[in-house]
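Participant: here's a sequence, model it:
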Amino acid sequence: MTLRLKLKSILLTAAVAMTLQGCSSSDDVASLPAPLPVVKNPQPVGQLWLSTDADGTDEFYSVLRPVVGYDKVFIASRSGDIYAYEKFSGDWVWASDIRKQQNSIWVTLGFDDEEIAKVAGGIVASYKKVFFGTENGEVIALDEATGKVVWRSKVKGEVLAKPAVDKGLVFVQTGSGLVYALDAETGEEKWMTESEVPVLTIRGTASPVYANGGVIVGGANGKVSVYLAETGQLAWEQAVAKPAGSTELERVVDVDATPIVLGSLIYSVSYGGKLTAMEMRNGRVVWDRDYSGFVDMVASGNELFVVDNQSNIYALDRRNGVEKWSSSELLNREITAPVIHEGKLAVGDFEGFIHWFNAETGKIEAQYLADIDGLNSSPYIERERLYVQGKSGKLSALVFAGAKITDEEGNEITPRRSRRNEEILPTKDQYDGHNRF
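Facilitator: Below you'll find the model as predicted:
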């Protein structure tokens, strides 16, 4: 049976082993998280609205990221409750419980873990539906307007990453190394393909990516594979990391970060220590560099931003892999995948802070405590608004102080006031430096 472990468990096991072998105190200190950086004259950040409806993830590493679509923000709880809110005001639109045995008193009280839905990996809004997967091996589609279940399909293995949806198909990768294409309207299986999974892997999978008629998948075997979206036929695969070392732990090579397609190139990073740029048409390696990582990357212009296994951040020229700057200020703080917000690089950390970096210099310019339980998933950005869901389940909509709220055409609007946004749009004069206005 394939053994899949959480990254935290792997690192803890390694730490215990090192301790038993008599590691030095300096090694112990090196693995500790860096202290919270002190930001001088930070740019003020304000809360547009807040929701505390959703449950938390407890001790589970569920990457439940919000998504915006159809003028709504959609979020999920691990237990199986899905929520929709009006994106500007935070007004509640609908809630849906997708558990097969809904809201029994025992489930409500947290008993009988087998009865919960175990939603994981985030949500996709497309084709007037909301798509997501579960650790119980289900892919589910809800009506975006009502929250009613449109279809649910069973797949083999845990669905730990969000699906990709395009060309009328829903593409899903499972923890068992299978990739599925399901009909977006009915959930009917169109094709399925399988790849090998090593004995020991990180608990997680990369989300599939659709581009130019192909489905791009990063695998636990250290390979990036491209399948024809229509048939599932393998077009090519490229090994971007090769197992090395004497122990199974040292030989982990997962490509858990979702590949990025920019122009004619695919970029991927592996836990095993390679950042690779390859040609979309045939997988030929254009350049590679020695960077390791397991969270998603982000690009802005010609810059590619990468977070490594120890939460160091790197900015590289995506054309040649040349490093422009690096930051270790958040070392070992278990930071999330980075996103670009208002021209800055934003990441969350294990203590629940969001940090905004100057994308050109790597200097931290803003900070906000979003959830004292911590953050597992990266924020979602729409124009000037940043939406983030913490481990407690709390959903926050954030803006920089004084920001203008705009619609898709860039027109300034005034959001409706509701119970969720009574203190809206703070100004810099109202900021006291501690997330209060």
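
Participant: pull the helix or strand where residue 75 lies out as PDB, backbone CA atoms only.
Facilitator: Secondary structure from DSSP states H and E places residue 75 in strand 72-76. Once non-C-alpha atoms are left out, strand 72-76 reads as follows in PDB (Å, rounded to 0.1, in the frame of the first residue of the first chain):
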ATOM      1  CA  LYS A  72     -19.600  35.800  -5.400                       C
ATOM      2  CA  VAL A  73     -16.900  34.500  -3.200                       C
ATOM      3  CA  PHE A  74     -17.100  30.700  -2.600                       C
ATOM      4  CA  ILE A  75     -15.400  28.900   0.300                       C
ATOM      5  CA  ALA A  76     -15.500  25.400   1.700                       C
END
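
Participant: list the buried residues of the helix or strand that that strand is followed by.
Facilitator: Counting by DSSP H and E, the element after strand 72-76 in chain order, helix or strand, is strand 81-86. For strand 81-86, burial by neighbour count (16 or more other CB atoms under 10 Å) applies to 81-86. C-beta here means a position set from N, CA and C on the backbone, and glycine is covered the same way.

Participant: likewise for stretch 174-186?
Facilitator: Quick answer for stretch 174-186 (16+ other CB under 10 Å): 174-182, 184.

Participant: just those: which are in strands?
Facilitator: Within the buried residues of stretch 174-186, membership in strands is found for 178-182, as judged by DSSP state E.

Participant: ok, these vs residue 235, which is closest?
Facilitator: residue 179 (12.7 Å; CB to CB).

Participant: where in the stretch 51-200 of the chain is pLDDT low?
Facilitator: Scanning the stretch 51-200 of the chain for pLDDT under 70 picks out 58, 101-114, 198-200.

Participant: give the bridge partners for residue 181, please.
Facilitator: Legend: beta-bridge partners of residue 181 under DSSP bridges are residue 171, residue 191.

Participant: pretty sure it is touching residue 189, no?
Facilitator: Yes - counting by CB atoms under 8 Å, residue 181 touches residue 189, with 7.4 Å between them.

Participant: how far away is residue 346 from residue 308?
Facilitator: According to CB to CB, to the nearest Å, residue 346 and residue 308 sit 17 Å apart.

Participant: scratch that, residue 180
Facilitator: For residue 180, the distance to residue 308 - CB to CB - is 31 Å.

Participant: give me phi/psi at residue 402?
Facilitator: Backbone torsions of residue 402, given as degrees, to the nearest 10, read phi 80, psi 0.

Participant: ok, residue 346 and residue 308, which is more surrounded?
Facilitator: residue 346 (25 against 20; other CB atoms under 10 Å).

Participant: and the one helix or strand the more buried one maps to, C-alpha only, in CSV?
Facilitator: Assessed by DSSP H and E, residue 346 sits inside strand 344-348. Output of strand 344-348 as CSV, limited to C-alpha atoms (Å, rounded to 0.1, in the frame of the first residue of the first chain):
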residue,chain,number,x,y,z
LYS,A,344,3.4,43.4,-4.2
LEU,A,345,4.2,39.8,-3.4
ALA,A,346,1.9,38.5,-0.7
VAL,A,347,2.3,35.3,1.4
GLY,A,348,0.7,33.9,4.6
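
Participant: ok, then the element right after that strand?
Facilitator: On the C-terminal side of strand 344-348, the nearest following helix or strand under DSSP H and E is strand 353-358.
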